[in-house]
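Peer 1: Make a model of this:
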Amino acid sequence: MPASPQSSHGPSAARDPAPLLALIDALVGELQPGARRQATLDSQLDRDLGLDSLSRVELLARIEQHYRVRLRDEVLGTAQTPRDLLAALGESVATHAPPRPPAEAVADSARMSGEDAELPTDAATLLEVLDWHLARHPDRVHVRFYASEDRVEALTYAGLADGAGRVAQALRALEMGAGDCVALMLPSGLDFFRCFFGILRAGAVPVPMYPPARPAQIEEHLRRQAGILRNCEARVLITFDRVRPLARMLAGLSPALAHVVTPESLLDGPRPPAAEPPAPGPGSLALIQYTSGSTGDPKGVALSHGNLLANIRAWGEAAALTASDVCVSWLPLYHDMGLIGTWLGSLYHGMPLILMSPLDFLAR
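Peer 2: This next block holds a predicted model:
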C-alpha cells in the first residue's frame, strides 16, 4: 500500500517532489488495486498512470488540500505529468475563503419590472429575439461568465448586439454569403456568444465544434474533428490563437476551408462596408448541431430558427420560466443543452445566465 505523504504546506513546499509523487501513488493505488505503477516526474498522467479526467479532478483536489493552496484553473486541462503539477504548485497561492458571488449577479433578477412579464412571442428568428431585448433593456446584463475564481465578466444585450455586428462586418468582408457555414471552435466564454450571433447577422450558419480539452493535443484533436469541417463545407473556422499555425494542415484536411480566424481578429479588425444579407425567416437555417461521433462519424442536424424557437418556448412554458428567474450552467456551449437549453433559453426569456466553464466546475 502506498505510503501517506507527510504534511507540508504552501507553494514553497512544492520544491520537494516526494510528497506529490506519494499523493499520486496513493490515488493510483486506490483506483487500480494491484496495479504495479509508480509515478515519476515525467510519467504521463493518462497513458502511464491511467488517470482519466475525473481521476485528475480528484488528484487536484487532494493536492490543494494537502498543500493548502489554490492551483490555477487551467491546470486541470494543461498538466500532463507530475512535473507539470510541481511547476503549477510553484505558481499557486495559499488557500483563502472562496469568493462570494458579486452583488450584481444576485441583484440581476431583482431589478425586473412589470414589463418583464412580456416575452418576444412574435419573434420569428433568433435575431428578432435579440433585437426585441435590445429595444427594451439594452443595458441589462444577459450573461455573467466566471472567467476565473476572482474574475467575472458581464455581457449586456447591447454588448452582445455590438459585438455581433462587428463580427458580422468582418465575416462579410471575407465574402461569406447567405447559407455559408462558419465553424465555431471556442471554449466557454463571452466571445462564443458574440461570434455565434455575428455569424447569424452575416447571413451565415454557425456550426459549434468541440474545442480541445488539452493544448498538448490540439493537432490530434483537429484531425479527429476534420470530418465535421468537410461535411458542412465550412469556409471559415473561428477558434483560438493556438490553432492558427495549423491552418495549412486544416486546409489540406478540408479543402473548402479558406480562413482560420480568432474572435479578436474579427472584433478588432478592419470592417469595410459590405452589403447587408437578406433577413432570415423562420424556415431559414440557424444552426447545424453535430452528434458526438462516439459510435461513428458525427452526424449534422440542421435546425431552423422556427425549430429552435418552438423548442425554447415549449421548455419555457413547461417550466413556467420568467425574467425573474436565474439560469446557472456549466454545460459546454457546443452541446445542445448548453447551447439551446441554457443560453438561447435564457436569451429568449430574459433570464440572467450565470456561466462557468465545464473544467472549472469539475475542478471546483
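
Peer 1: alpha carbons only for contacts and neighbour counts from here, please
Peer 2: Will do.

Peer 1: Who are the contact partners of the nearest residue to residue 119 once chain neighbours are set aside?
Peer 2: Residue nearest to residue 119 in three dimensions, not counting chain neighbours: residue 349, with 6.3 Å by CA to CA, 6 or more residues apart in numbering. Neighbour list for residue 349: 119, 316, 321-323 [criterion: CA atoms under 8 Å, 6 or more residues apart in numbering].

Peer 1: just residue 237 next, same as before
Peer 2: Residues in contact with residue 237 (CA under 8 Å, 6+ apart) are 182-185, 257, 259-261.

Peer 1: make it 6 Å
Peer 2: For residue 237, the contact set (CA atoms under 6 Å, 6 or more residues apart in numbering) comprises 182-183, 260.

Peer 1: same check, this time on residue 312
Peer 2: residue 345 are the contacts of residue 312 under CA under 6 Å, 6+ apart.

Peer 1: Now it. Its backbone dihedrals?
Peer 2: The phi/psi pair for residue 312 (degrees, to the nearest 10) reads phi -60, psi -40.

Peer 1: what ranges do the strands span in the stretch 251-364 of the chain?
Peer 2: Using DSSP state E, counting those that start in this stretch, the strands of the stretch 251-364 of the chain run over residues 259-261, 285-290, 300-304, 327-329, 353-356.

Peer 1: Just checking: what are the partner strands of the longest one?
Peer 2: Spelled out, it's strand 285-290. According to DSSP bridges, strand 285-290 forms sheet pairs with strand 300-304 (antiparallel).

Peer 1: what's next to the strand it pairs with, contact-wise?
Peer 2: Against strand 300-304 from outside (CA under 6 Å, 6+ apart): 283-290.

Peer 1: now do 10 Å
Peer 2: The list of residues contacting strand 300-304 from outside it, by CA atoms under 10 Å, 6 or more residues apart in numbering, reads 125-126, 205, 207, 228, 231-232, 280-292, 310.

Peer 1: Can you say which of those are buried?
Peer 2: Restricting the contacts of strand 300-304 to buried positions leaves 125-126, 205, 207, 228, 232, 280-282, 284-291, with burial counted as 16 or more other CA atoms under 10 Å.

Peer 1: and this structure, what are its domains?
Peer 2: Following automatic domain parsing, the chain resolves into domains at 11-94, 103-363.

Peer 1: Tabulate these (CSV), appending mean pLDDT.
Peer 2: Shown next, in CSV, are the domains of the chain (pLDDT from 0 to 100):
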stretch, mean pLDDT
domain 11-94, 85
domain 103-363, 88
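
Peer 1: wait, doesn't residue 172 sit right on residue 273?
Peer 2: Yes: Residue 172 lies in contact with residue 273 (CA atoms under 10 Å); the separation is 8.7 Å.

Peer 1: Now the longest helix seen in the chain: buried residues?
Peer 2: Across the chain, the longest stretch assigned as helix under DSSP state H is helix 157-173. If you call a residue buried by 16+ other CA under 10 Å, then helix 157-173 has these buried ones: 157-161, 163-173.

Peer 1: packing partners for it?
Peer 2: Packing contacts for helix 157-173, counted by 3 or more CA pairs under 10 Å, 6 or more residues apart in numbering; DSSP states H and E, involve helix 126-136, strand 141-148, strand 151-156, helix 190-201, helix 263-268.

Peer 1: between it and helix 126-136, how many degrees?
Peer 2: Orientation check (axes from the mean of the first three to the mean of the last three CA atoms, to 10 degrees): helix 157-173 against helix 126-136 gives 140 degrees.

Peer 1: Can you name the element that comes right after helix 157-173?
Peer 2: As assigned by DSSP states H and E, the chain's next helix or strand after helix 157-173 is strand 181-184.

Peer 1: Just the C-alpha atoms of that following strand, please, in PDB.
Peer 2: Extracted in PDB, the C-alpha atoms of strand 181-184 (Å, rounded to 0.1, in the frame of the first residue of the first chain):
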ATOM      1  CA  CYS A 181     -21.200  27.600 -42.800                       C
ATOM      2  CA  VAL A 182     -18.800  29.000 -40.200                       C
ATOM      3  CA  ALA A 183     -17.300  26.500 -37.700                       C
ATOM      4  CA  LEU A 184     -17.100  27.800 -34.100                       C
END
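
Peer 1: Give me the residues contacting it.
Peer 2: The set of residues external to strand 181-184 that reach it, using CA under 10 Å, 6+ apart, is 171, 176, 192, 195-196, 199-200, 203-211, 228-229, 232-240, 257, 259-260, 262-263, 287-288, 334.

Peer 1: at 8 Å instead, please
Peer 2: Strand 181-184 is contacted by residues 192, 195-196, 199, 204-209, 229, 232-239 when judged by CA under 8 Å, 6+ apart.
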